[in-house]
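In: Following is a predicted model, sequence given first.
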Amino acid sequence: MSPLERTMSSRLPLLVTLVLVSLVPRPVRPATEPDWSYSDQAGWSALAAACGGSRQSPVDLIVSEQRYWQDGGMPRLEFAKGLKAGQITAKNDGRTPKVTLRPDSDEPAVRLKGTSPGPLSGTYALDNLHLHWNTEADGRGSEHKMNGMFEAAEAHFVFYNEQYGSVSAALEEADGLAVVGLLLRPEPPASPRPGLALPTFGLEDDLASLAALGSSVTRQQDLRQL
């Protein structure tokens, strides 16, 4: 099993709650963007009714609670053939590197298959992955909390429901997108690699080329080694 498979498989049971909070109807965007902040989440529903439900992101994941699986079984991960001779593309979208993975088989690199009954139904294809992060001095970097605490960074794997054909079409549907989040934390002080351990997806030598807004890098990559 590759590092990518081990990482996603080991974290999926804990973090699939992030999938649930992503499967909500998209609110209608007002003519002008309202003022909002994370410090006043209770007031979000006054700005957009869809932001007041029980599956609203961001959430606090309480590890001791087992309620996340009361509705059925855990979704399954399936990995494409052709990962060894794959291709990786990273693009600077102004907020984060947006990374796409393309195996030699030209299939989605990863599929997320729901179970019935369960929190997901149908098959979801990986579209992209991206990072949220911050420095330790500047505080929270993750979008979500675990046991009441933010982490320094969070990786999001964005899947779309294959029955809709694309992310743009899936955005219009209540069950269109599913996002798996991995919470990342710094290496401990005693580690030989102290500091924030952000995944680089094999693009360590290309970071300077991604500094400009809209810049992108594409290279051949053994996707099993990510």
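Out: Perfect, I can see it now.

In: rest of the way, CA atoms for contacts and neighbours
Out: Will do.

In: For the closest residue to residue 110 other than its chain neighbours, what are phi and psi?
Out: Leaving out its chain neighbours, the residue that sits closest to residue 110 by Cα to Cα, 6 or more residues apart in numbering is residue 79, at 4.6 Å. When read as degrees, to the nearest 10, the backbone of residue 79 gives phi -110, psi 140.

In: Repeat that for residue 106.
Out: According to degrees, to the nearest 10, the main-chain angles of residue 106 amount to phi 70, psi 20.

In: tell me which helix or strand of this protein sits lowest on mean pLDDT?
Out: Sorting the helices and strands of the chain by mean pLDDT, DSSP states H and E puts helix 17-22 at the bottom, at a mean of 41.

In: What residues of the helix or strand following that one count as buried?
Out: Using DSSP states H and E, the helix or strand that follows helix 17-22 towards the C-terminus is helix 44-47. Residues residue 44 are the ones in helix 44-47 that count as buried (16 or more other Cα atoms under 10 Å).

In: Next SSE downstream of helix 44-47?
Out: strand 60-61.

In: ok so, going back, tell me if I'm right that the residue nearest to residue 110 and residue 109 touch.
Out: Yes. Using Cα atoms under 8 Å, residue 79 is in contact with residue 109, at 5.9 Å.

In: ok, these two, which is more surrounded?
Out: Using other Cα atoms under 10 Å, the more surrounded residue of residue 79 and residue 109 is residue 109, with 23 against 16.

In: these two touch, right, that one and residue 100?
Out: No. Judged on Cα under 8 Å, residue 109 makes no contact with residue 100 at a distance of 9.1 Å.
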